[in-house]
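Visitor: Next comes the sequence, and after it the predicted model I'd like to discuss.
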Amino acid sequence: MQATVTSQVEFNGVGLHSGVPATLRILPALPGRGLVFRRSDLDPATADIPARWDLVKQSPLCTKLVNAHGVSVSTVEHVMAALVGCGIHNATIEVDGPEIPILDGSSAAFVRGILSKGIRKMNAPLRAMRLIETVEVSKGEAWARLVPHDTLLIEFQIEFEDAAIGEQRKLLNMSNGSFVRELSNSRTFCRKADVDAMRANGLALGGTLENAVVVDGAEVLSPGGLRHRDEAVRHKMLDALGDLGMAGMPILGHYQGFRAGHALTNDLLRAVFATPNAFEVIECNAEIAARLPGAGVHWGEIPEVA
């Protein structure tokens, strides 16, 4: 069955890149609505932006959606990961500005808000995309692929010169509450040199040591250090789940990424949809639904550190 939030959830913060204050509300939606962003500060006739792979305007720093009217909303990946990871299929995500608030740089606050209000099951069938053939995309040394599997696996590998990150690799089955337990509180991360360069170019204006893990060589500059020894690769997996949510339905397949980012994951979805024989859309029975992200998730699965 499809699911939505039980009642409105509200969040306040600033955009990571713009520094602009914003209020975000997640609202219940009818079956079949899907996940749709709405710019509540603009004309209602043009304000809706479906969370869809073909509306992504690719950016190396975040995931940005733009509708046919040119209305946009950026840095949607963390709230998307929370919605997908909690098993929410229909919701309207209202925001009164051009960028989703960054909060603590993870999905933890969004997850807490969703689970505090509850998840409502809907009397409507749920469809999923099941991979039949492997699809792969690459750019330079980076690559991403989707391989057939009976549930959603996410596997990621990163390599950074900074000793505080280094080489990290992780594989997780996203069934049930795995996202909430293992990934939801992992924060976005960056190198101090990159932060300095971005600010010099008018970016990362809302970034602080409180909403991102900033590293400088072997040193972690953010207060309290890391939440997980491998927090960086966990966050990349969080981003991937949010970006895969742009498929518009749950995915049954094994996602593998090496040095991949938002743009490459979007390239992967575009390649999948351009290859109709690579997947089939199925109606989920109870057995399949029980293996999807968010199935049976509950408050007790939220990490204490979040």
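Guide: Noted; the coordinates are in hand.

Visitor: Check the residue nearest the centre of the chain and give its pLDDT.
Guide: Centrality entry for the chain: nearest residue to the mean C-alpha point is residue 242, 2.0 Å, by C-alpha atoms, centre = their mean. Note for residue 242: predicted pLDDT of 98.

Visitor: following the helix or strand where it lies, which helix or strand comes up?
Guide: Here residue 242 sits within helix 231-244, counting by DSSP states H and E. From helix 231-244 onward toward the C-terminus, using DSSP H and E, the following helix or strand is strand 251-258.

Visitor: Who are the packing partners of that following strand?
Guide: Judged by 3 or more C-beta pairs under 8 Å, 6 or more residues apart in numbering; DSSP states H and E, the packing partners of strand 251-258 are strand 127-131, strand 142-148, strand 152-159, helix 231-244, helix 262-273. In short, each C-beta sits where N, CA and C put it, glycine included.

Visitor: List the beta-bridge partners for residue 168.
Guide: Bridge pairing for residue 168 (DSSP bridges) gives the partners residue 158.

Visitor: what ranges of the chain fall below the confidence cut-off?
Guide: For the chain, the stretches with pLDDT under 70 are 203-207, 304-306.

Visitor: the helices in it, which residues?
Guide: With DSSP state H as the criterion, the chain has helices at 77-85, 108-117, 178-182, 192-200, 231-244, 262-273, 286-289.

Visitor: Could you dump these into a markdown table with distance to residue 58 added?
Guide: Listed next are the helices of the chain as a markdown table, based on distance: least, C-beta to C-beta, whole Å:
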| stretch | distance to residue 58 |
| --- | --- |
| helix 77-85 | 13 |
| helix 108-117 | 23 |
| helix 178-182 | 24 |
| helix 192-200 | 17 |
| helix 231-244 | 11 |
| helix 262-273 | 4 |
| helix 286-289 | 31 |
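
Visitor: Tell me which of the helices and strands packed on strand 251-258 is the most buried.
Guide: helix 231-244 (a mean of 26; mean count of other C-beta atoms under 10 Å).
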